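**Student:** return atomic coordinates for the entry below.
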Amino acid sequence: MTIIEFTLANWDSILIIACFCLALGILYFMGQKRLVYKILYALVTEAEAKFGGGTGELKQAYVIKQIYNALPGILKSFISAERIGAWVDDALETAKEKWAKNGNITNYIENK
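**Tutor:** Below is the predicted model:
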């Protein structure tokens, strides 16, 4: 029996398994997105403290590398560095608002 014959004979089972795996991946991704944004916020704050002002590309590369290394292997196949970069930009906007409101974070960044 060739692969084509096997696929034609079992197309319905293959489709159900593929849909199930896709659904699990989507549920996992959606459930973990909030956690990813919290991690991004912490990493953006740490990068700001570590590298200081005027080093935007270096800070973004640092955060992308850190978050990409933290992602489970299965998600690395579906999430590109460009998408993580967009998430970092979103997290940075939120972080700047929080930094402006919280003097302790500003002091941490400036004194690190």
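**Student:** pLDDT on stretch 19-37, on average?
**Tutor:** With pLDDT averaged residue by residue, stretch 19-37 scores 69.
**Student:** following element in sequence after the helix or strand hosting Tyr37, please.
**Tutor:** Using DSSP states H and E, Tyr37 maps to helix 11-51. On the C-terminal side of helix 11-51, the nearest following helix or strand under DSSP H and E is helix 56-70.
**Student:** in that following helix, what's buried?
**Tutor:** The neighbour-count check on helix 56-70 (16 or more other C-beta atoms under 10 Å) flags Lys59, Gln60, Tyr62, Val63, Ile64, Gln66, Ile67 as buried. Any C-beta I mention is one placed from the backbone N, CA and C, and that applies to glycine too.
**Student:** wait, the fifth one touches Arg83, no?
**Tutor:** No. In this structure, Ile64 sits apart from Arg83 without contact. The criterion is C-beta atoms under 8 Å, and the distance is 9.8 Å.
**Student:** give me the next element, helix or strand, following the helix or strand bottoming out on mean pLDDT in the chain.
**Tutor:** In the chain, the helix or strand scored least confidently by mean pLDDT, DSSP states H and E is helix 73-76, which has a mean of 70. Scanning forward in sequence from helix 73-76 by DSSP H and E, the next helix or strand is helix 81-101.
**Student:** residues near the closest residue to Trp99 other than its chain neighbours, how many?
**Tutor:** Among residues not flanking Trp99 along the chain, Ile105 sits closest, at 5.1 Å (C-beta to C-beta, 6 or more residues apart in numbering). Around Ile105 sit 16 other residues, with neighbours defined as other C-beta atoms under 10 Å.
**Student:** is Ile105 in contact with Val44, as I believe?
**Tutor:** No. With contact defined as C-beta under 8 Å, Ile105 and Val44 do not form a contacting pair (11.1 Å).
**Student:** thanks a lot, see you next time.
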